[in-house]
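> Curious how this folds, go ahead:
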Amino acid sequence: MGTAERSIEGLPGNIQKLLQAYVKEVAGVFGTQMEGLLLYGSAVRGEFLPGRSNLNILLLVSSYDSALLKQYSALHRRWNKEQIMVPLFLTEEELRMSAAVFPLEFLEIQEQHRVLGGRDPFIGFHVNTDRLKEAVVQGLASHVLRLRQRYVEGGGGDEATTMLLPLSITSTLPLLRGIQRLLGRPVLSRSDAVIEDVASQLKLDLQSFLDTWLLKRGQISPGPSEVPRLFDRYMQAAAALTLAVEQLPQSGQR
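From the prediction side, this is the model:
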């Protein structure tokens, strides 16, 4: 199994070295059972923030059982400290089936990933987008519901809210890129550009999304009086966005 060192544009050198060590260790443990090791998410889109962003991994395996997962569990104790998340463990057949059920998530991975080791299972791969609108609407609606619940769980405090909102925008951005696909728009890499494009196309005020994105990146720090207002604006924008997407025709033609 080849584990040649592969550089990733825009990723800090120390993170690249860390990933190279990680790939060698995983390949050493799993050998030929590891068919491919892929990196996806912010580290590939050029938006990785050391100390803030996670490293997302897809591990393509020939087969797996509890023994294999237990083997990785030992690795996880070390690499989780380096912000490497537990991988998506998938066989090639499961990859095809999962893409049919979760088209949005696998379009994201297919279009923005880097092979760290082994082969690329997305070469010649097709994601059926017939259920894309349904997936986007369901994601937006469920996200609004979870956001309310977690706000209550956090007691509505400023500290909890300033942690909750960045988590929220992180999971909302793939849905916004899904909206771009529904609208037949180019799918942009920069998150602020994605927010602005969707706002313009749907004629919505998504300034609260932009503000939350800046909060996530540590570029703004709202005062105590502004945090609840930001949360309210964010919730209103999320509800309006869900309604607007629900009213789009399936094809995204307007």
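
> CA atoms for contacts and neighbours, from now on please.
Fine.

> ok, now which ones touch the residue nearest the centre of the chain?
Nearest to the geometric centre of the chain sits Gly41, at 5.2 Å (C-alpha atoms, centre = their mean). Applying C-alpha atoms under 8 Å, 6 or more residues apart in numbering to Gly41 gives the contacts 55-56, 109, 112-113.

> wait, which of those is closest to Leu88?
Ranked by distance to Leu88 (C-alpha to C-alpha), those are led by Asn56 at 8.5 Å.

> now that closest one, what's its secondary structure?
Classification of Asn56 using DSSP: H, G, I helix; E, B strand; the rest coil returns strand.

> now swap in the one 4 residues further on and tell me
Each residue gets one of three states, and Leu60 gets strand by three-state DSSP.

> bridging residues for it?
Note on Leu60: beta-bridge partners Gly36, Leu90, judged by DSSP bridges.

> from memory it sits against Thr91, does it?
Yes: if you go by C-alpha atoms under 8 Å, Leu60 and Thr91 touch, sitting 5.5 Å apart.

> neighbour count winner among these two?
Leu60 (25 against 20; other C-alpha atoms under 10 Å).

> how near is the more buried one to Glu196?
35 Å (C-alpha to C-alpha, to the nearest Å).

> same check, this time on Leu55
Distance of Leu55 to Glu196, computed by C-alpha to C-alpha: 26 Å.

> do the same with Ile84
Going from Ile84 to Glu196 by C-alpha to C-alpha gives 30 Å.

> Among the two, which residue is more densely surrounded?
Using other C-alpha under 10 Å, the more surrounded residue of Ile84 and Glu196 is Ile84, with 19 against 16.

> so that one makes contact with Leu55?
Yes: under the criterion of C-alpha under 8 Å, Ile84 makes contact with Leu55 at 4.7 Å.

> okay, the residue nearest to the centre of the chain: pLDDT?
pLDDT for Gly41: 94.

> picking up where we left off before, redo the contacts of Gly41 as JSON lines? Include distance to Gln138 and neighbour count.
Converted to JSON lines, the contacts of Gly41 look like this (distance: C-alpha to C-alpha, whole Å; neighbours: other C-alpha atoms under 10 Å):
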{"residue": "Leu55", "distance to Gln138": "26", "neighbour count": "20"}
{"residue": "Asn56", "distance to Gln138": "23", "neighbour count": "20"}
{"residue": "Ile109", "distance to Gln138": "19", "neighbour count": "21"}
{"residue": "Gln112", "distance to Gln138": "23", "neighbour count": "16"}
{"residue": "His113", "distance to Gln138": "25", "neighbour count": "22"}
